[in-house]
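Colleague: predicted structure and sequence below. I'll ask about it afterward.
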Amino acid sequence: MDNDDSIPTLVDETTKVPVTILTGYLGAGKTTLLNYILTENHQRRIAVILNEFAQGSAMEHLLLTATTDEKGGDGRQRYEDWLELRNGCLCCSVKDVGVQAIEQLLEKRRNHFDYILLETTGVADPLPIVNMFWLDDELHSDLILDGLITVIDAYNGLKNYADDRHQEKALWSRQVAIADVILVNKIDLISQEEKSKIIELVRSINVTAQIYETTRSHIDLSLILDRNAYSKNSPPDYLLKNIPDQATTLIPHGNQTLNSVTMEFNGQFDFDKLDHLIIELLWNEQTSEQEIVRMKAVLCCSDESTYKLLQAVGQMYEFISTNEKHCDNLRNCFVLIGSNLNQERLREQFQKCLK
Ligand SMILES: Nc1nc2c(ncn2[C@@H]2O[C@H](COP(=O)(O)OP(=O)(O)OP(=O)(O)O)[C@@H](O)[C@H]2O)c(=O)[nH]1
């Protein structure tokens, strides 16, 4: 079957409001980045949402600070709204209350903003928040996940990494692991040698993220906003280029060892088998030792003439059909990031799903 027929069933992404999630350890430079974006941005009307977890109360507060150019001139206004909401179910088939609240805000402030930046607290595990925006098309949400930016304090990065061993979940490394874009900030405070070390560490955890070195979080905004990282429109060849088949060096990590595994296969996959394997890996084989936190792939399936993309964050995953024909170039590239990943075993498991 030629899957071109299935593409119209996908929602029209152009009418949705993109959400970029901003994460990073305490003092890394997130607020500095937000201020920079709100000052420099001339393309988008951005709403900033600060996410704070009130420990123990099961209540979540969302503080919205939006900068909007209401009068079309220089009449920039800032306003704040507090939302209080109960923590919701992190399930892709039920809309999270956080998402509903943001949609209501969108409704209330219609025409006031067309882009959302959601800042998580410095000690937050970003996975549940990313999963909150992992929305099935059938839910007809106005929101669409656009990307995940992690800001790193280059000066304290190695120490933050070392401190991970005292944490149950190695939060600093997880923030690095699931990012699409990583800003290695405070570059002004470190030497060339220190810079190489921190970048090598970051790259060893996440092989695919775009890494930018910044001072005071200054960055060309076109590199971090409107990235379409989870869209059917993201070009399939971004993974097919320059991704070597390898497992990054395992880095001892106390309780956990986070690494990336990249694999290339030639041929076509049996979609049902592959889908089954992904469920196994993400739902049934997640243990405290081995956990996949991020997966991306470009692949060819036997019943389709176009490339498919696979995106997974935590336990949420989706296959996205693209318009790009693979012709006879049957390359398949997979990137998996997680703790204690065994490349040999994974390779065997994927190999068995080939036709
Ligand atoms: N030297 C230097 N200082 C920076 C840089 N970026 C930010 N800072 C300073 O670092 C401090 C922390 O920056 P913030 O932007 O508040 O960091 P944050 O990530 O929002 O911190 P939390 O709100 O605690 O999570 C501030 O005093 C900033 O002025 C940088 O590139 N170089």
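Modeller: In hand now; what should we look at?

Colleague: now the phi/psi pair for G29, please.
Modeller: Here is the backbone geometry of G29 (degrees, to the nearest 10): phi 130, psi 20.

Colleague: which bits of the chain sit near the ligand?
Modeller: When proximity is defined by Cβ under 6 Å from any ligand atom, the chain lies next to the ligand at 24, 26-32, 122, 185-186, 188-189, 215-217. For the C-beta atoms, the positions are set from N, CA and C on the backbone; glycine is no exception.

Colleague: 5 Å instead, please
Modeller: Within the chain, the positions near the ligand by Cβ under 5 Å from any ligand atom are 26-32, 122, 185-186, 188, 215-216.

Colleague: which stretches of the stretch 101-250 of the chain form helices?
Modeller: For the stretch 101-250 of the chain, the helices defined by DSSP state H, counting those that start in this stretch cover 126-132, 157-163, 171-177, 192-205, 237-240.

Colleague: buried residues in the fourth one?
Modeller: Buried residues in helix 192-205, defined by neighbour count with 16 or more other Cβ atoms under 10 Å: I198, I199, L201, V202, R203, S204, I205.

Colleague: got the contact list for I129?
Modeller: Shown in contact with I129 (Cβ atoms under 8 Å, 6 or more residues apart in numbering): I21, T23, N51, L118, T120.

Colleague: turn those into TSV, including pLDDT, neighbour count and distance to R331.
Modeller: Formatted as TSV, those follow (pLDDT from 0 to 100; neighbours: other Cβ atoms under 10 Å; distance: Cβ to Cβ, whole Å):
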residue	pLDDT	neighbour count	distance to R331
I21	92	26	30
T23	93	28	32
N51	65	20	39
L118	86	26	35
T120	82	24	35
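
Colleague: are we agreed that F319 is in a strand?
Modeller: Yes - checked against DSSP: H, G, I helix; E, B strand; the rest coil, F319 lies within a strand.

Colleague: give the bridge partners for it, please.
Modeller: F319 has the following beta-bridge partners by DSSP bridges: L310.

Colleague: same thing with C333?
Modeller: C333 has these beta-bridge partners by DSSP bridges: E264, V298.

Colleague: wait, it touches M295, no?
Modeller: No - using Cβ atoms under 8 Å, C333 makes no contact with M295, being 11.5 Å away.

Colleague: comparing the two, which residue is more hemmed in?
Modeller: Neighbour comparison, C333 and M295: the larger count goes to C333, with 23 against 20 (by other Cβ atoms under 10 Å).

Colleague: how close does the more buried one get to the ligand?
Modeller: In this view, C333 and the ligand are 33 Å apart by Cβ to the nearest ligand atom, to the nearest Å.

Colleague: for that residue, give its distance to N342.
Modeller: For C333, the distance to N342 (Cβ to Cβ, to the nearest Å) stands at 19 Å.

Colleague: cool, and L127?
Modeller: Per Cβ to Cβ, L127 is found 21 Å from N342.

Colleague: looking only at neighbour counts, state which of those two leads.
Modeller: Per other Cβ under 10 Å, whichever of L127 and N342 has more neighbours is L127, with 21 against 14.

Colleague: next one: the more buried one, what pLDDT does it get?
Modeller: L127 carries a pLDDT value of 84.

Colleague: which regions of the stretch 201-350 of the chain sit below the pLDDT cut-off?
Modeller: Low-confidence segments of the stretch 201-350 of the chain, defined by pLDDT under 70: 231-257, 287-289.

Colleague: ok, which stretches of it are strands?
Modeller: Applying DSSP state E, counting those that start in this stretch to the stretch 201-350 of the chain gives strands spanning 210-213, 246-247, 258-266, 291-299, 306-313, 316-325, 331-339.

Colleague: sorry, back to before: any chance of the buried residues of helix 192-205 in CSV, with distance to Q100 too?
Modeller: Below are the buried residues of helix 192-205 laid out as CSV (distance: Cβ to Cβ, whole Å):
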residue, distance to Q100
I198, 39
I199, 40
L201, 38
V202, 35
R203, 38
S204, 39
I205, 33
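
Colleague: closest one to L145 out of these, please.
Modeller: Closest to L145 out of these is I205 (21.1 Å), distances taken as Cβ to Cβ.

Colleague: distance of the nearest residue to that closest one once chain neighbours are set aside from K352?
Modeller: Excluding the flanking residues, the one nearest I205 by Cβ to Cβ, 6 or more residues apart in numbering is V176, at 4.7 Å. According to Cβ to Cβ, V176 stands 31 Å off from K352.
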